[in-house]
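*Asks:* Here you go, sequence then predicted model.
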Amino acid sequence: MNEKTGEKRIGRKLAAALLWLAVWQAVSMAFGRSFVLPSPVSTFKRLLELCAQGSFWQACGVTLLRVAAGLLLACLLGFVCAWAAQKSEAAKEILAVPAAVIRSVPVMSVILIALLAMKSAVVPLFVCFLMCFPVMYTNILQGFESVPDEYRELAQVYRIEGSRYFTKIMIPASMGYIKAGLSMCAGLSWKSTVAAEVLSNPRISMGYHLLSAKMYLEGADLFAWTVGIVLLSVCFEKLLKHLLRRW
Amino acid sequence: MAFSERDIVLTRISKEYDGQNVLKGLDLRIEDGRITAVMGPSGLGKTTLLKILLGLEICEGSVSGMQGRKVSTVFQESRLLPWLTLKQNLELVCGPGCEAKIADALALMELSDAADKKPSELSGGMQRRGALARALAYDGDVYILDEPFTGLDEELKDRIAGALCERWRKEKKTVLFVTHDSAEAAAYADETVRLGELV
């Protein structure tokens, strides 16, 4: 019964994907200009060609590293700040201001401001960190604040303090909120990093190739890199979810 | 009756919630090294009294004899952390290097086979025994227990409570436990306090 339901679900997903590919093909044929809207066939053919080149994987690897490093930094600082905020109302008030400001500042403004102060290779990492930080901070803080009183009392009576309290009670009890934050950041981190790469244009990056393809009106290249980014982003999110499931 | 400096003494304890008195001017002495049962109808503040002794509730009046003492407790709910196994729950409270204490506590509670199970895999009675095993492994000077034998069938309760009381008497632990069951109080406690008569 379950196997059948699973097969049906996969079948429905495949059918939906095929439908949208057919729509893409039809629109591309109707448009007639392959440098503006290449067909799915030429896009995937170009993607396969790119996959055979070392520079493609190098760019993917470096962008992936920037995403992972930015997200990791956002998580670490999110933990530190959330810990401080749940310990002190004053710290919470102080941290609420930058968290709210960062959340509402357009990503393009952040990139342009960062470009004035940093090397182009560092800007994407910094932007990824800055975009993910308020999401992680808010979610971790919510998680910490939602630790049930019964666990706090248990820790108080049995003198479970410091790092033992943090790692054995606080983090596991907040895991639902932390997972939700990471899930939100998985997509956001890729979008902000690639956007920053396009504007800051470091030589080894997916954003650099994306911009080059646009400048030389290589529609198939532009779409192939975009599909590559989407696929990597989806794989990254799935890997993150898989790792988090162990907790 | 000979009083000891280590007796736990509650003097004129009052506690109110939303303007309603739960405890009013309670005076109570819990003798050191003895097992005391607290009885009384629901809503008379038995659990509140335990929380005051554990330092989890602020109240009017004074409590002496609890400062600096290591306290093992069983709350009204078992409060085993669901993400840890039973053994890890015990390790959490007693820290590293207490494998022997953990093994002993689990054996006494007849839970050795369930050591690697998560609380969700245990029945209500086993969770209760798990909470008792955690209190034992922590090895406090004072035991504050809120209905510790709830959910255990009679035969198991007799066996486990009997073994526990024997050990506590031997080690001269100060034990205070809440119960609704007068037979339980009569069977295991050296002294019974009826809260309704004191308040």
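*Replies:* Happy to help now that I have it.
*Asks:* Please count neighbours and contacts with C-alpha atoms only from this point.
*Replies:* Noted.
*Asks:* quick one: the strands in chain B?
*Replies:* B:8-17, B:20-30, B:35-39, B:60-64, B:71-74, B:142-146, B:174-178, B:191-194 (DSSP state E).
*Asks:* what's the angle from the longest one to strand B:174-178?
*Replies:* Our comparison of strand B:20-30 with strand B:174-178, counting by axes from the mean of the first three to the mean of the last three Cα atoms, to 10 degrees, yields an angle of 150 degrees.
*Asks:* what sits against residue 36?
*Replies:* As the question left the chain open, I've gone with chain A. For A:Val36, the contact set (Cα atoms under 8 Å, 6 or more residues apart in numbering or on different chains) comprises A:217, A:219.
*Asks:* wait, chain B
*Replies:* Counting by Cα under 8 Å, 6+ apart, B:Thr36 has contacts B:30, B:175-177, B:189-193.
*Asks:* How about B:Asn89?
*Replies:* Here B:Asn89 is in contact with B:80-81, B:134 (Cα under 8 Å, 6+ apart).
*Asks:* do A:Arg66 as well
*Replies:* Applying Cα under 8 Å, 6+ apart, the residues near A:Arg66 are A:124-125, A:128, A:193.
*Asks:* quick one, what contacts the residue of chain A found nearest chain B?
*Replies:* With Cα to the nearest Cα as the measure, A:Tyr158 is the residue of chain A nearest to chain B, at 5.8 Å. Applying Cα under 8 Å, 6+ apart to A:Tyr158 gives the contacts B:71-72, B:93, B:138.
*Asks:* related to what we said a few turns ago, let's have the contacts of A:Arg66 in CSV, adding distance to B:Asp113 and pLDDT.
*Replies:* What follows is these, written out as CSV (distance: Cα to Cα, whole Å; pLDDT from 0 to 100):
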residue, distance to B:Asp113, pLDDT
A:Pro124, 53, 95
A:Leu125, 50, 96
A:Cys128, 49, 96
A:Thr193, 51, 96
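*Asks:* Next step: those residues restricted to helices.
*Replies:* A:124-125, A:128, A:193 (DSSP state H).
*Asks:* Export these to TSV and append columns for distance to chain B and neighbour count.
*Replies:* Formatted as TSV, these follow (distance: Cα to the nearest Cα, whole Å; neighbours: other Cα atoms under 10 Å in any protein chain shown):
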residue	distance to chain B	neighbour count
A:Pro124	37	33
A:Leu125	34	25
A:Cys128	32	31
A:Thr193	35	28
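*Asks:* average pLDDT across the particular helix or strand that has A:Phe56 in it?
*Replies:* Applying DSSP states H and E as the criterion places A:Phe56 in helix A:54-87. Average pLDDT, helix A:54-87: 95.
*Asks:* after that helix comes which helix or strand?
*Replies:* helix A:89-104.
*Asks:* Could you point out the helix or strand that follows that next one?
*Replies:* helix A:107-117.
*Asks:* Just the CA atoms of that following helix, as PDB, please.
*Replies:* Only the C-alpha atoms of helix A:107-117 are listed here, as PDB (Å, rounded to 0.1, in the frame of the first residue of the first chain):
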ATOM      1  CA  VAL A 107      20.200  42.400  -0.700                       C
ATOM      2  CA  MET A 108      21.500  44.600  -3.600                       C
ATOM      3  CA  SER A 109      22.200  47.500  -1.100                       C
ATOM      4  CA  VAL A 110      24.100  45.100   1.100                       C
ATOM      5  CA  ILE A 111      26.200  43.800  -1.900                       C
ATOM      6  CA  LEU A 112      27.000  47.300  -3.100                       C
ATOM      7  CA  ILE A 113      28.000  48.600   0.400                       C
ATOM      8  CA  ALA A 114      30.100  45.500   1.000                       C
ATOM      9  CA  LEU A 115      31.800  46.000  -2.400                       C
ATOM     10  CA  LEU A 116      33.100  49.400  -1.200                       C
ATOM     11  CA  ALA A 117      34.800  47.800   1.800                       C
END
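*Asks:* ok now that helix, how far from the chain's centre?
*Replies:* Put simply, helix A:107-117 sits 19 Å off its chain's centre (Cα atoms, centre = their mean, to the nearest Å).
*Asks:* Report the mean confidence score over that helix.
*Replies:* Helix A:107-117 carries an average pLDDT of 92.
*Asks:* For that helix, report the contacting residues that lie outside it.
*Replies:* A:123-124, A:126-127, A:131, A:192, A:195-196, A:199-200.
*Asks:* Surely A:Phe44 and A:Leu222 touch.
*Replies:* No: the pair A:Phe44 and A:Leu222 does not pass the contact test of Cα atoms under 8 Å, sitting 11.3 Å apart.
*Asks:* Looking at those two, which one has more neighbours?
*Replies:* Between A:Phe44 and A:Leu222, counted using other Cα atoms under 10 Å in any protein chain shown, the more crowded position is A:Leu222 (26 against 19).
*Asks:* Quick check: closest non-adjacent residue to the more buried one.
*Replies:* Among residues not flanking A:Leu222 along the chain, A:Ala213 sits closest, at 5.2 Å (Cα to Cα, 6 or more residues apart in numbering or on different chains).
*Asks:* The one you found: what's it in contact with?
*Replies:* Residues counted as contacts of A:Ala213 (Cα under 8 Å, 6+ apart) are A:219, A:221-222.
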